[in-house]
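Enquirer: please work out how this folds:
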Amino acid sequence: MKKIYHMKTCSTCRRILSELPNIEHYELQDVKKEPIQEADLDELHKRAGSYEALFSRKSTQYKERGLKDKSLTEQDYRNLILDHYTFLKRPVVVAGDHVFIGNDPKTTTAAKDFMANNG
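Expert: Down below sits the predicted model:
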């Protein structure tokens, strides 16, 4: 599977997508227009190792819901990501068995290198 979960209205996602090589070989899914489905999230969980790795604490919903003061479980992270698209850390690049999560410079560089060398 070659897929990128992103948010079209996010300037950081747009910038990263513009820098990724061979993007035409990937399916793009705007999670705001087409929220992630349970089966897809569970598949990402298998590749990432945890729902927490896929969870964004930068979401405005995180503060609004007072989640920073709570101890969240893996099931909580899963439910929150399914509940609101902003809880998914973006972008998520899925390339076969590899997954690159978020916009950290090391992560985006690794994604770029992988995509350049593997189409």
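Enquirer: residue 103 reaches residue 91, doesn't it?
Expert: Yes. Using C-beta atoms under 8 Å, residue 103 is in contact with residue 91, at 6.9 Å. Placement of C-beta: from N, CA and C, glycine included.
Enquirer: more neighbours: the two, which one.
Expert: More crowded of residue 103 and residue 91, by other C-beta atoms under 10 Å: residue 91, with 26 against 18.
Enquirer: who's in contact with the more buried one?
Expert: 4-6, 13, 16-17, 102-103 (C-beta atoms under 8 Å, 6 or more residues apart in numbering).
Enquirer: so where is this structure shaky, pLDDT-wise?
Expert: In the prediction, the chain carries no residues with pLDDT under 70.
Enquirer: need the CA coordinates for the biggest helix by length in the chain. PDB is fine.
Expert: As assigned by DSSP state H, the longest helix anywhere in the chain is helix 105-118. Output of helix 105-118 as PDB, limited to C-alpha atoms (Å, rounded to 0.1, in the frame of the first residue of the first chain):
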ATOM      1  CA  PRO A 105      12.300  17.100  10.100                       C
ATOM      2  CA  LYS A 106      14.000  13.800  10.700                       C
ATOM      3  CA  THR A 107      10.800  12.000   9.800                       C
ATOM      4  CA  THR A 108      10.100  14.000   6.700                       C
ATOM      5  CA  THR A 109      13.700  13.500   5.500                       C
ATOM      6  CA  ALA A 110      13.500   9.800   6.000                       C
ATOM      7  CA  ALA A 111      10.200   9.700   4.100                       C
ATOM      8  CA  LYS A 112      11.700  11.800   1.200                       C
ATOM      9  CA  ASP A 113      14.800   9.500   1.100                       C
ATOM     10  CA  PHE A 114      12.700   6.300   1.100                       C
ATOM     11  CA  MET A 115      10.300   7.600  -1.600                       C
ATOM     12  CA  ALA A 116      13.200   8.800  -3.800                       C
ATOM     13  CA  ASN A 117      14.800   5.300  -3.600                       C
ATOM     14  CA  ASN A 118      11.700   3.200  -3.700                       C
END
